[in-house]
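Engineer: Below are the sequence and a predicted model; questions follow.
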Amino acid sequence: MHPLKSNGFVSYDETGGHRTDPLPGTLTAAVVGTGRGAEHLRWLADCPGVTPLTVPGDEASDRIREGGLDVVVVASPTHTHQDLVAEALRQDLAVVCETPLAPGVPAALALTTLAAERGAQARVPFQWRTNNALGQARSALLHGEIGDLLTVDIALHDDSHLGPGTRWPWRERRETAGGGAMAELGTHALDLLSWSTGLGTWDVESAWAQRLYDSRRGPQGQVEVDVDDIAQAELRPLGSAARARVHVSRISPEGRQLYFTAVGSRGTLRVVAEAKNGSATLVLTTGARSLRATVGPHSMNPYRAPASAGADPALTGLTGLTGLTGLTGLTGLTGLTGLTGLTGLTDGAGLGTFDEALAAVHLVEAAQRRSVQRDPEVPWR
């Protein structure tokens, strides 16, 4: 056995492997999935009092039934979520499931219903909510800093599928992934739309989608593709004259970036944020006044509170505006705090509910139904 060291949150041996036994007095979180699961391991290792354990997917069900766990984090391929999450819920464990919650509405609804019936602490990671600039943008919108909301534009770019190859064959099929760019990235963008505006019910009015390749070169040969690489949806909220556009691409050479623009009757609000390090720039313009702030870097760890209990120090230039003073937390998140099974992990800042995850799956499916394949002869704009 290798001698053990500790970084204060999780013990590891000198080869860098995580321990498979919990430390006394800690919360034990089993992480299922080696791809997206690696990010969850890093996040959890930054949480005091938490011991994350890596569990191979083919051993996950047995490990969940064995006991000795407090939380199960399901970060395996999307089509495996339903069985693993359901098993964890039946064992009365707290659950964090990667997004999308399931490949389609029926499976997502079944999990949401089961979680409610069990009274479970069931959450999904919406890590963009923890970004300080987006949090301040949300507060500005909710306090009416730009007047009546007219339009919201959210674009989320990713470079994971540049070129003809793929490292993840399961991500190329709708039955296993739930979709392509709209499912993977659109889930987060659509959540941001509802979360940032406080308008909970949106309807997809039109949409389009395009895939770059009908097949991709996988680790073991060609993989047929039936999902989108780039997609867009236009939406309208219930009871409001506002409009929104959500644009997502997993073939953008600029890497993973988010562009958020809100236009109101008295001003505009813009955020450009980097997924890699959480840094962001926020610009708020109202009449002749334009205020700009740069924040980050920030881990955007959904298991932890935002970097500061109040407004980010870099945003102090915005605190002269009504509604942005004295922001000691992100409005509307208090209902997610104090989670019984998750108190050792988080105050819930970046963890959404299964109901919110189900709403995102509904919108993704609505966009897929309304999508039309773009004519390849028409240049992209």
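Structural biologist: Happy to help now that I have it. Numbering: from 1, shown residues only.
Engineer: Count the residues that sit near the residue lying closest to residue 214 once chain neighbours are set aside.
Structural biologist: Distances taken as Cβ to Cβ, 6 or more residues apart in numbering put residue 225 closest to residue 214, at 5.8 Å, once the chain neighbours are dropped. For every residue, glycine as well, the C-beta is placed using N, CA and C. A count of nearby residues for residue 225, using other Cβ atoms under 10 Å, gives 21.
Engineer: residues touching residue 225, list them.
Structural biologist: Residues in contact with residue 225 (Cβ atoms under 8 Å, 6 or more residues apart in numbering) are 172, 173, 180, 211, 213, 214, 215, 216.
Engineer: ok, now how distant is it from residue 217?
Structural biologist: In this view, residue 225 and residue 217 are 11 Å apart by Cβ to Cβ, to the nearest Å.
Engineer: any idea of the pLDDT on the most centrally placed residue in the chain?
Structural biologist: The C-alpha lying nearest the average C-alpha coordinate of the chain belongs to residue 126 (Cα atoms, centre = their mean; 3.1 Å). pLDDT recorded at residue 126 is 97.
Engineer: same thing with residue 14?
Structural biologist: So, for residue 14, pLDDT stands at 31.
Engineer: Same question for the one 4 residues further on.
Structural biologist: The model reports residue 18 with a pLDDT of 41.
Engineer: Off-centre distance for the helix or strand encompassing residue 208?
Structural biologist: Taking DSSP states H and E as the definition, residue 208 sits inside strand 202-210. Averaging C-alpha positions (Cα atoms, centre = their mean, to the nearest Å) puts strand 202-210 20 Å from its chain's average.
Engineer: Format the CA atom coordinates belonging to that strand as CSV.
Structural biologist: The C-alpha trace of strand 202-210 is given here as CSV (Å, rounded to 0.1, in the frame of the first residue of the first chain):
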residue,chain,number,x,y,z
TRP,A,202,-40.6,29.7,-21.7
ASP,A,203,-42.0,28.4,-25.0
VAL,A,204,-39.9,27.5,-28.1
GLU,A,205,-41.3,29.4,-31.0
SER,A,206,-38.8,28.4,-33.7
ALA,A,207,-35.5,26.5,-33.9
TRP,A,208,-33.0,25.1,-36.3
ALA,A,209,-30.1,22.6,-36.1
GLN,A,210,-27.2,21.5,-38.2
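Engineer: Which elements pack onto the helix or strand that it is followed by?
Structural biologist: Counting by DSSP H and E, the next helix or strand C-terminal to strand 202-210 is strand 215-218. With contacts taken as 3 or more Cβ pairs under 8 Å, 6 or more residues apart in numbering; DSSP states H and E, strand 215-218 sits against strand 221-224.
Engineer: Buried by neighbour count: which residues of the strand it packs on qualify?
Structural biologist: The neighbour-count check on strand 221-224 (16 or more other Cβ atoms under 10 Å) flags residue 223 as buried.
Engineer: again, but for stretch 111-126
Structural biologist: 111, 112, 114, 115, 118, 120, 121, 122, 123, 124, 125, 126.
Engineer: what ranges do the helices span in the chain?
Structural biologist: Using DSSP state H, the helices assigned to the chain run over residues 36-45, 60-66, 81-90, 105-118, 132-142, 174-177, 181-184, 186-197, 354-370.
Engineer: If you count neighbours, what's buried in the first one?
Structural biologist: Read that as helix 36-45. Using 16+ other Cβ under 10 Å as the test for burial, helix 36-45 gives 36, 37, 39, 40, 41, 43, 44, 45.
Engineer: Output these in CSV; the columns should cover distance to residue 196.
Structural biologist: Output for the buried residues of helix 36-45, formatted as CSV (distance: Cβ to Cβ, whole Å):
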residue, distance to residue 196
36, 24
37, 28
39, 23
40, 24
41, 29
43, 22
44, 26
45, 29
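Engineer: Tell me the one among these nearest to residue 274.
Structural biologist: Proximity of these to residue 274 (Cβ to Cβ) peaks at residue 39, which lies at 15.3 Å.
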